[in-house]
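>>> Requesting a structural model of the entry that follows:
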Amino acid sequence: MNVDLLQARCKIATEQALRIHQLMPVEEPLSSRHRLARCSIALAMEHHVSITTLVSVGNYSSAAALLRPLMEAGACGFWLTYACTAERLEALLHGRDETPTLPKMINQLTRVPGLYGVRKLAGMLPKEGRYLDSYTHGGMAQLAQRDWKKPFDLSRNMHTLMASDMFALAGAAIGTVIYDAKDLFVYLGMRRDQIAEEVSVRTGQPKVEDPWVPFPAPELS
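Numbering: from 1, shown residues only. I've put the predicted structure just below:
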């Protein structure tokens with residue numbers, strides 16, 4: 001495996017994390033709904049940095065196991081902002097309830113007008129979610145990719161880093177709804193297109209050309 005190439009890709013992921021950190025406002029949101037969503041951003045960013053760090057030190061399987069928690073943290077920020085009812089939010093804040101599973105969050109978000117890409121994600125989740133589950137829980141997505149002497153190969157580790165970067169972007173994007181963060185919005189759109197180009201080059205699949213437009217104003221207070 002070309003370790004130098006992998007380390008160079010880790011550097012790109014680290015630069016992304018630093019840039020998001022620089023552009024994300026630090027002020028405490030005014031509403032409890034947005035404060036929880038802001039916590040989900042922080043959790044997603046921590047998972048993203050952890051994945052990069054684990055890959056950089058050769059703990060490739062452990063890095064892949066964090067992909068689903070990263071995706072869940074990002075989805076939770078959107079669910080809290082757009083889909084969590086006031087009654088359920090109150091129950092969450094007082095420890096009487098828990099956030100939904102990832103499929104349930106995505107399903108509820110498909111009913112929100114103007115959230116581009118959510119329906120596509122919902123369609124992908126039955127298949128993609130299974131491999132993420134398998135990564136997290138030590139199933140065949142982990143065991144079949146390696147043996148006790150040889151870890152994941154370069155292609156698999158590059159996939160982990162690309163997926164991690166994209167999930168982190170999605171998690172950070174709710175910050176453009178919580179805050180007036182135009183520079184963050186512009187950077188996330190630019191970085192999304194860079195990753196889409198990288199995925200296209202590595203997989204040979206056509207580049208996804210979904211629009212990068214502002215997210216709708218939440219109807220929930």
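>>> Residue ranges in the chain under the pLDDT threshold?
Counting by pLDDT under 70, the chain has low-confidence residues at 122, 124-129, 131, 221.
>>> Scan it for its longest helix.
Ordering each helix of the chain by length in residues (DSSP state H) puts helix 32-56 first.
>>> elements contacting the helix or strand that it is followed by?
Following the chain from helix 32-56 toward its C-terminal end, the next helix or strand by DSSP states H and E is helix 60-65. Secondary structure elements in contact with helix 60-65, counted by 3 or more CB pairs under 8 Å, 6 or more residues apart in numbering; DSSP states H and E, are helix 32-56, helix 118-136, helix 140-143, helix 154-173. (Each C-beta comes from the backbone N, C-alpha and C, glycine too.)
>>> okay, those helices in TSV with mean neighbour count next?
What follows is the helices and strands packed on helix 60-65, written out as TSV (neighbours: other CB atoms under 10 Å):
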stretch	mean neighbour count
helix 32-56	20
helix 118-136	15
helix 140-143	15
helix 154-173	21
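>>> could these go into TSV alongside distance to residue 83?
As requested, the helices and strands packed on helix 60-65 are exported to TSV (distance: least, CB to CB, whole Å):
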stretch	distance to residue 83
helix 32-56	11
helix 118-136	10
helix 140-143	29
helix 154-173	15
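>>> The ones you listed: which one's closest to residue 80?
Of all these, the one in closest proximity to residue 80, counting by CB to CB, is helix 32-56 (4.5 Å).
>>> got the angle for that closest one vs helix 154-173?
160 degrees (axes from the mean of the first three to the mean of the last three CA atoms, to 10 degrees).
>>> which strands and helices sit next to helix 32-56?
With 3+ CB pairs under 8 Å, 6+ apart as the test, helix 32-56 has helix 3-23, helix 60-65, helix 67-82, helix 86-93, helix 154-173, helix 175-178 packed against it.
>>> relative to helix 67-82, how tilted is that helix?
Using the same axes, to 10 degrees, the direction of helix 32-56 lies 160 degrees away from that of helix 67-82.
>>> Wait, residue 27 touches residue 181, no?
No: at 10.5 Å, residue 27 does not count as touching residue 181 under the criterion of CB atoms under 8 Å.
>>> Who has more neighbours out of those two?
Comparing residue 27 with residue 181 by neighbour count (other CB atoms under 10 Å), the higher total belongs to residue 181, at 18 against 8.
>>> ok, back up a step: looking at the helices and strands packed on helix 60-65, which is nearest to residue 74?
Here helix 154-173 is closest among these (CB to CB), at 2.9 Å.
>>> Fine by me, thanks again.
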